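> structure for this input, please:
(chains A and B)
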Amino acid sequence: MLEVKGLRKAFGPLVAVEGVSFTLQPGDIFGFIGSNGAGKTTTIRMLATLLEPDSGSAQLNGIDIRQDPMAVRKLIGYMPDHFGLYEDIKVWEYLDFFAAVYRVPKGERAGIIENVLELVGLTTKRDAFASTLSKGMQQRLSLARCLVHDPSLLLLDEPASGLDPRARAELKELITELGAMGKMVIVSSHILPELADFCNAVGIIEKGRLITHGRVEDVVRGIQKNRAIEVRMIDRVPEAGMFLHGKPNISATRVIGPNTLKVDFTGEPNDLAGLLKSLVDGGYLVTGFVEKVENLEDVFLKITTGAVQ
Amino acid sequence: MRMWIDLVRDNPVIKESQRSFWERIHPKTWPTNTTITIAIVAIVYFVLITLALQGISFIDPSVFMFVSLTVTIFVSAVVLYGTLAGEREKRTLDLLLVAPVTASQIVAAKTLKVVIPILAIIVLLDIPALVFAIVRNANGMKTMSSGASFPIAFFGSTVLILSVALFVIGLTMLVSSINRTTAGALTGTIAVLFLAYIVFPVITGVLAVFSRPLSDTMSSVHPFIALFHLVAPNPGWSNNILIATMCSIIHIVLGCTFIVLASRNVDRERKRGIAPNA
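Sure thing, here's the model as predicted:
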């Protein structure tokens, strides 16, 4: 379990992270969302023990990152937003070195390397030089490096940046699989659709502050106070807007197309049926009645201002 | 200790440099600048040895010790200047800093990279010096002897060379630990070595105008002067072994201090970091 409480980090007058708190359970895949410069990387680097927080705490499986960083490092797999490349080194040598650094017994290394290569789909590249791999393969190799010591927490900083759609889809699958294996994964990105698909929890950070966090559905629901209903009808759209105005659970109506009316609705699902019935009973020729569910991107754009530090 | 061995044995930086070196000297790639340089050095080396064996007077066994000292300084700096700065430049240092290894283990492992080249220098240059000095002593030559204490002179000069190597290693690692690029580390290393071994003796020479004893004391810290005291002393000089010993001790203390400071720099970087967008 990861418990982060009030993390703060300033670089001189620049407060990069202020009061970031959240909790993760095994198997959680936490999408860390924010614009460039919002404080994602600084937070991740603090959790990776690469930066000492000015204040606040973070405990991984009961071990405090500030009090015993060396013990925490054994439990963390950190993938930076850049692939640190040793040019003249083979894939297996790269993994073997890091397995040694993480004190994996020599006798177990070969088997572990085979396993992680299979997991990330690089078995055929075992003897290839790291510098000859494509960007997507290098990212997967970097992820394999994070896994050689079987960490509890994976910190992936912008893992999908610069990848083509196929490589991005493969990476998503891989991260989902790691979550299913019971690992906690924190994955940062500013490309929201790529996170929405596989994260079960998200945190949105802006100007160093975590604006909101929690289960994806809860975050979306928390932001989306009104249900947005799109009603399509054959004609009389403005008239239908006037008709609904002032009725219970209707906060606003707006004509958004020649045949489409948008209704901001505050009622429960049962009340939706009453709304449709009242339109039909009113003689309006309804051809479509759809609740438009907001996605993570809508939520992000709604609650952030785009300001950076 | 086992950790250090692993860090050295499996170190990608060492593997890279080994592989790169073997590629440059592999027969398939001949001729390369490296092979041509090695060939020239080897020819000069064997000509010197042959001349020494022939008893040519200007080829003195002590020449090997001076060459050994010069090459040690050069090789230590060249091999190590990019170790930390290079990892920082390639952005691979983070991967080590996030691992459960201490900063001192990282620095020590990188430092050990230069051990094999230095041992090679000593084998190639100091051992022939020893052999020829023994031969010459047997023939009545006392050049590399400091009077009757030839074995001490040889042992002392080897210790002196190793202590200077430690000093250069520490200095280079310290410069590398504070630079963000290999180019910066190279410039810094050259500048510092230039100050230590070229500018400093000039200053001591100027000081001689005002105070001869102070100038002599300061100049004896210079390894080449200390080596002269040891292997080819002027009849008017005294305290030759003491001067060489002091020079060695100063270089060892400074070298160790620099290595500790380099470790602290790495540790500080781990704790303080830099602003991500800086």
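
> residues touching residue 90, list them.
Here I'm looking at chain A. A:R126, A:D127, A:A128, A:F129, A:A130 (C-beta atoms under 8 Å, 6 or more residues apart in numbering or on different chains). For the C-beta atoms, the positions are set from N, CA and C on the backbone; glycine is no exception.

> oops, wrong one, chain B.
A:G84, A:L85, A:Y86.

> surely the first one forms part of a strand?
No. According to DSSP: H, G, I helix; E, B strand; the rest coil, A:G84 belongs to no strand; its state is coil.

> measure A:M181 to A:S152 for me?
A:M181 sits 11 Å away from A:S152, going by C-beta to C-beta, to the nearest Å.

> in the stretch 201-309 of chain A, where is pLDDT below threshold?
A:222-225, A:294, A:296, A:305-309 (pLDDT under 70).

> again, only using 80
Within the stretch 201-309 of chain A, the stretches with pLDDT under 80 are A:216-227, A:246, A:268-270, A:292-309.

> now the helices for it?
A:216-223, A:237-244, A:269-281, A:296-303 (DSSP state H, counting those that start in this stretch).

> can you classify B:T50 by secondary structure?
helix.

> swap in A:G56?
strand.

> quick one, what contacts it?
A:V4, A:K5, A:G6, A:L7, A:R8, A:G19, A:V20, A:S21.

> beta partners of the fourth one?
Read it as A:L7. A:V20 (DSSP bridges).

> so how far is A:T43 from it?
As judged by C-beta to C-beta, A:L7 and A:T43 stand 6 Å apart.

> who's more crowded, the two?
For A:L7 versus A:T43, the count of surrounding residues by other C-beta atoms under 10 Å in any protein chain shown is larger for A:T43: 30 against 26.

> tell me who's in contact with the more buried one.
Counted by C-beta under 8 Å, 6+ apart, A:T43 has contacts A:L7, A:K9, A:V17, A:V20, A:F32, A:I205.

> secondary structure element for it?
Using DSSP states H and E, A:T43 maps to helix A:40-47.

> doesn't A:L141 make contact with A:Y94?
Yes. The pair A:Y94 / A:L141 is scored as a contact, 6.8 Å apart, by C-beta atoms under 8 Å.

> so where is the stretch 101-250 of chain B shaky, pLDDT-wise?
B:112-113, B:126-154, B:216-217, B:219, B:230-240.

> what residues does it put near chain A?
Within the stretch 101-250 of chain B, the positions near chain A by C-beta under 8 Å from any C-beta of the partner chain are B:V101, B:T102.

> which stretches of the stretch 101-250 of chain B form helices?
B:103-111, B:115-121, B:127-138, B:150-178, B:182-194, B:200-207, B:212-219, B:223-231, B:240-272.

> tabulate these (a markdown table), appending mean neighbour count.
Below are the helices of the stretch 101-250 of chain B laid out as a markdown table (neighbours: other C-beta atoms under 10 Å in any protein chain shown):
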| stretch | mean neighbour count |
| --- | --- |
| helix B:103-111 | 23 |
| helix B:115-121 | 15 |
| helix B:127-138 | 18 |
| helix B:150-178 | 24 |
| helix B:182-194 | 17 |
| helix B:200-207 | 14 |
| helix B:212-219 | 14 |
| helix B:223-231 | 24 |
| helix B:240-272 | 18 |
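
> between the ones you listed, which gets nearest to A:K106?
A:K106 lies closest to helix B:103-111 among the helices of the stretch 101-250 of chain B, at 16.7 Å (C-beta to C-beta).

> still on that earlier bit, give me the lowest-pLDDT entry from the contacts of B:K90.
For those, the weakest pLDDT value sits at A:L85, with 71.

> look up how far chain B lies from that one.
Here A:L85 is placed at a distance of 6 Å from chain B (C-beta to the nearest C-beta, to the nearest Å).

> just A:K292 next, same as before
36 Å.

> same check, this time on A:M137
17 Å.

> tell me which residues touch A:K292, please.
By C-beta under 8 Å, 6+ apart, the residues touching A:K292 are A:A228, A:I229, A:E230, A:K262.

> ranking those residues by neighbours, who comes first?
For the contacts of A:K292, the largest number of neighbours (other C-beta under 10 Å) sits with A:I229, at 20 neighbours.

> host element of the residue nearest to B:G184 when sequence neighbours are not counted?
Leaving aside its chain neighbours, B:G184 sits nearest to B:A85 (6.5 Å; criterion: C-beta to C-beta, 6 or more residues apart in numbering or on different chains). Assessed by DSSP H and E, B:A85 sits inside helix B:83-89.

> packing partners for that helix?
With contacts defined as 3 or more C-beta pairs under 8 Å, 6 or more residues apart in numbering or on different chains; DSSP states H and E, the packing partners of helix B:83-89 are helix B:12-25, helix B:93-97, helix B:103-111, helix B:150-178, helix B:182-194.

> quick one on the thing from earlier: pick the one among the contacts of A:T43 closest to B:F167.
A:K9 (37.8 Å).

> tell me which residue of the stretch 51-200 of chain A lies closest to chain B.
A:G84 (3.5 Å; C-beta to the nearest C-beta).

> can you count the residues close to the closest residue to that residue other than its chain neighbours?
For A:G84, ignoring the flanking residues on the chain, the nearest one in space by C-beta to C-beta, 6+ apart is B:T92 at 3.5 Å. Counted by other C-beta under 10 Å, the residues lying close to B:T92 total 19.

> thought B:T92 was touching A:Y86?
Yes. Counting by C-beta under 8 Å, B:T92 touches A:Y86, with 6.3 Å between them.

> phi first, then psi, for the residue nearest to A:G84.
phi -100, psi -10 (degrees, to the nearest 10).

> per-residue confidence at it?
84.

> which bits of the stretch 51-200 of chain A sit near chain B?
So far as C-beta under 8 Å from any C-beta goes, the stretch 51-200 of chain A lies against chain B at A:51-52, A:70-71, A:73-74, A:76, A:78, A:80, A:82, A:84-89, A:93-94, A:96-98, A:100-103, A:145.

> drop anything exposed from the residues you listed.
Buried members of those, scored by 16 or more other C-beta atoms under 10 Å in any protein chain shown, are A:51-52, A:71, A:73, A:76, A:78, A:80, A:84-86, A:88-89, A:93-94, A:96-98, A:100-102, A:145.

> so which of those residues sit within strands?
A:I76, A:Y78 (DSSP state E).

> turn the contacts of A:K292 into CSV, including distance to chain B.
Shown next, in CSV, are the contacts of A:K292 (distance: C-beta to the nearest C-beta, whole Å):
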residue, distance to chain B
A:A228, 37
A:I229, 42
A:E230, 41
A:K262, 40
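
> show me what contacts A:E291?
Counting by C-beta under 8 Å, 6+ apart, A:E291 touches A:R227, A:A228, A:I229, A:E230, A:L272.

> close enough to count as contact, B:T245 and B:G156?
Yes. Between B:T245 and B:G156 there is a contact at 7.1 Å, judged by C-beta under 8 Å.

> ok, and what's touching the helix holding B:A85?
Helix B:83-89 is contacted from outside by B:13, B:82, B:93, B:96, B:107, B:110, B:113, B:173, B:176-177, B:179-182, B:184-185, B:262, B:266, using C-beta under 8 Å, 6+ apart.

> separation between A:I186 and A:T287?
Distance, A:I186 to A:T287, using C-beta to C-beta: 45 Å.

> compare those two (neighbour count), which wins?
Shown here are A:I186 and A:T287; by other C-beta under 10 Å, A:I186 has more neighbours (27 against 10).

> all set now, cheers.
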